[in-house]
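Participant: the sequence isn't on hand, but the structure is:
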């Protein structure tokens, strides 16, 4: 396995400074992996040579020579298809970033590790799953290669604002960006907040929702909305990036909106260069609609859609499902499947599947994939019937023996036999460790990338299925008819979030 390190990783590790704890932990992980080699791109060393502090330049270049420098690298400037997928480079640094990404795109290296949010955002837009931040890499490699459970301390808690330490460093950037933050904070002391703490008691993530009605949410152009959910505060601390807490906050906000019969959500934000938040929320259908009175950008998301939407192909289905998530298309363009999953993996993938789908059941989660909306499933099912946009009804075998959760397929990879390639595809989403992936890949594997949309309001037991002419146990992926699917979800999925 070849690991490509970005310039910022080299500088953090090799400069005359204390190595960050998470980077030190990552390097220990690398040292414990078999057949793992660390590499840098020739352009990375060229960047180090531009340092005008000559002594520091000499030291960094000397230390960079301890890594294997890629001797042959492909040039993305010769690939018109790849170029078409990227924004126009603004400077030489953008070109360097694109070249590093291209090494991953062309499978020259297995993973790229970087703390450059611009590169991470580009990788996300290109659907390159194996470009990881330090925390994402720690999370992925612990799961994939050492079977180590990432524990994120305690789960989200419902707290009043007055119970929180308003001097916590998570608020520093908000205080710097928003004049009058402390004055506003004093006004909302009795407001409900959803908070995640790390093991030291510091805030890792926070969500503060507010229901508004007939407010001007955007001044340019003027936009007045009826009853709507405003996300007043949506923040993940820097130390907690990479554990999918941002996706968890989106999930909580959407469930809050659903519970309160709201169809739209908005937030305001001062956009920064290579903005982490913008990249995240846009991937779940938030769209910039203008500026408010404070010149903040306003992002609006709908969670219900026009029932007359016309959809003709799988790509349109996926776009629709992302734009209106958790709403989803269930018409004749997509197939419906029952998909078995063992209790161990079900608990890790869907930890809050029991109970009312709209109840904020904030259970303890021990794996970052439990925070994810975007998830992955692999198996040896010999089927080519599952396509992008299709609907999956997960069946927890053995213990509950019941259908529990509805998901929608984002992408499908079939006949996979290379465990490294599979691990790259699912590194940020998986419940499987690398040994489990290797075992599955001894035969041809099917990889499904999907969104978790809804838990069924009432799980459907195996012994209830024969009345729908679904007989026998569910040992492998099974396609069902549209009529059977409609009967299964009747009363179990709110029709506001479906379209035919």
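Facilitator: Good, I have the coordinates. All of these numbers come straight from a predicted model, not from anything done at the bench.

Participant: quick one: mean pLDDT for stretch 27-43?
Facilitator: For stretch 27-43, mean pLDDT rounds to 81.

Participant: make 357 the first number, not 1, from now on.
Facilitator: In the new numbering, first residue 357, that becomes stretch 383-399.

Participant: quick one: terminal-to-terminal distance for it?
Facilitator: 22 Å (C-alpha to C-alpha, to the nearest Å).

Participant: can you name the residues in contact with that stretch?
Facilitator: 357-361, 366, 369, 375, 420, 423-426, 429, 452, 455-456, 459, 465, 493-494, 497-498, 501-502 (C-beta atoms under 8 Å, 6 or more residues apart in numbering). No exception for glycine: its C-beta is placed from N, CA and C like everyone else's.

Participant: relative to the whole chain's centre, how far out is it?
Facilitator: 25 Å (C-alpha atoms, centre = their mean, to the nearest Å).

Participant: give the buried residues for it.
Facilitator: 385-386, 392, 394-397, 399 (16 or more other C-beta atoms under 10 Å).

Participant: from the contacts of stretch 383-399, which ones fall inside strands?
Facilitator: Judged by DSSP state E, strands contain the following of the contacts of stretch 383-399: 358-361, 424-425.

Participant: residue 707: which of those residues is nearest?
Facilitator: residue 359 (30.3 Å; C-beta to C-beta).

Participant: dump the buried residues of stretch 383-399 to TSV, plus distance to residue 646 and secondary structure.
Facilitator: Shown next, in TSV, are the buried residues of stretch 383-399 (distance: C-beta to C-beta, whole Å; DSSP: H, G, I helix; E, B strand; the rest coil):
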residue	distance to residue 646	secondary structure
385	45	helix
386	46	helix
392	48	coil
394	46	strand
395	45	strand
396	43	strand
397	40	coil
399	39	helix
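
Participant: dump the residues you listed into TSV; add distance to residue 734 as well.
Facilitator: TSV is the format used below for these (distance: C-beta to C-beta, whole Å):
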residue	distance to residue 734
385	22
386	24
392	22
394	27
395	27
396	31
397	31
399	35
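
Participant: residue boundaries of the helices in the stretch 557-706 of the chain?
Facilitator: 601-615, 632-638, 670-679, 699-705 (DSSP state H, counting those that start in this stretch).

Participant: about what we covered before: can you pick the most crowded of the ones in strands among the contacts of stretch 383-399?
Facilitator: residue 360 (26 neighbours; other C-beta atoms under 10 Å).

Participant: what pLDDT does the model give that residue?
Facilitator: 92.

Participant: shouldn't it be in contact with residue 462?
Facilitator: No: using C-beta atoms under 8 Å, residue 360 makes no contact with residue 462, being 11.6 Å away.

Participant: where in the chain is pLDDT low?
Facilitator: When residues are selected by pLDDT under 70, those of the chain lie in 369-375, 388, 390, 499-510, 663-664, 710-727, 786-787.

Participant: show me how it divides into domains.
Facilitator: As recorded under automatic domain parsing, the domains making up the chain are 358-488, 513-658, 684-855.

Participant: just give me the closest of the buried residues of stretch 383-399 to residue 703.
Facilitator: Closest to residue 703, out of all of these and judged by C-beta to C-beta, is residue 385, at 24.9 Å.

Participant: just to revisit the earlier point, okay if I get the ones in strands among the contacts of stretch 383-399 as a markdown table plus distance to residue 766?
Facilitator: Putting the ones in strands among the contacts of stretch 383-399 into a markdown table (distance: C-beta to C-beta, whole Å) gives the following:
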| residue | distance to residue 766 |
| --- | --- |
| 358 | 27 |
| 359 | 26 |
| 360 | 26 |
| 361 | 29 |
| 424 | 35 |
| 425 | 36 |
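
Participant: for those residues, work out which two are farthest apart.
Facilitator: Pairwise distances across the ones in strands among the contacts of stretch 383-399 peak at 13.4 Å for 359 and 425 (criterion: C-beta to C-beta).

Participant: nearest residue to residue 460 in space, please, no chain neighbours.
Facilitator: Spatial nearest neighbour of residue 460, excluding adjacent residues (C-beta to C-beta, 6 or more residues apart in numbering): residue 468 at 4.9 Å.

Participant: so who does the one you found touch?
Facilitator: Residue 468 sits next to 360-362, 456-457, 459-460, 475, 479, 486-488 when contact means C-beta under 8 Å, 6+ apart.

Participant: quick revisit: now flag whichever of the ones in strands among the contacts of stretch 383-399 is closest to residue 749.
Facilitator: For these, the closest approach to residue 749 (C-beta to C-beta) belongs to residue 359, at 38.0 Å.

Participant: that closest one touches residue 460, doesn't it?
Facilitator: No: Residue 359 is beyond contact range of residue 460, at 10.6 Å (criterion: C-beta under 8 Å).

Participant: can you lay out the helices of the stretch 557-706 of the chain as CSV showing distance to residue 767?
Facilitator: As requested, these are exported to CSV (distance: least, C-beta to C-beta, whole Å):
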stretch, distance to residue 767
helix 601-615, 17
helix 632-638, 18
helix 670-679, 8
helix 699-705, 17
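
Participant: tell me which of the ones you listed sits most buried.
Facilitator: Among the helices of the stretch 557-706 of the chain, helix 601-615 has the highest mean neighbour count (mean count of other C-beta atoms under 10 Å), at a mean of 22.

Participant: helices or strands up against that helix?
Facilitator: Counting contacts by 3 or more C-beta pairs under 8 Å, 6 or more residues apart in numbering; DSSP states H and E, helix 601-615 packs against strand 548-553, strand 559-575, strand 578-592, strand 620-625, helix 632-638.

Participant: which outside residues touch the fourth one?
Facilitator: Applying C-beta under 8 Å, 6+ apart, the contact partners of strand 620-625 are 573, 581, 584-588, 590, 609-610, 613, 631, 633-634, 637, 642, 648, 650, 652-659.

Participant: go again with 7 Å.
Facilitator: 573, 581, 584-587, 590, 609, 613, 633, 648, 652-659 (C-beta atoms under 7 Å, 6 or more residues apart in numbering).

Participant: how far does it sit from the chain's center?
Facilitator: With C-alpha atoms, centre = their mean, you get 19 Å for strand 620-625.

Participant: give the partner strands of that strand in its sheet and their orientations.
Facilitator: When pairing is defined by DSSP bridges, strand 620-625 lines up against strand 578-592 (parallel), strand 653-658 (antiparallel).

Participant: between the domains of the chain, which one is closest to residue 668.
Facilitator: Closest approach to residue 668 among those (C-beta to C-beta): domain 684-855, 6.9 Å.

Participant: span of that closest one from start to end?
Facilitator: Termini of domain 684-855 sit 6 Å apart (C-alpha to C-alpha).

Participant: on that earlier part again, in PyMOL, select just the buried ones from the contacts of residue 468.
Facilitator: Restricted to buried positions by 16+ other C-beta under 10 Å, the PyMOL selection for the contacts of residue 468 reads:
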select buried, resi 360+361+362+456+457+459+460+475+479+486+487+488
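
Participant: determine which two of the contacts of residue 468 are furthest apart.
Facilitator: 361 and 479 (15.0 Å).
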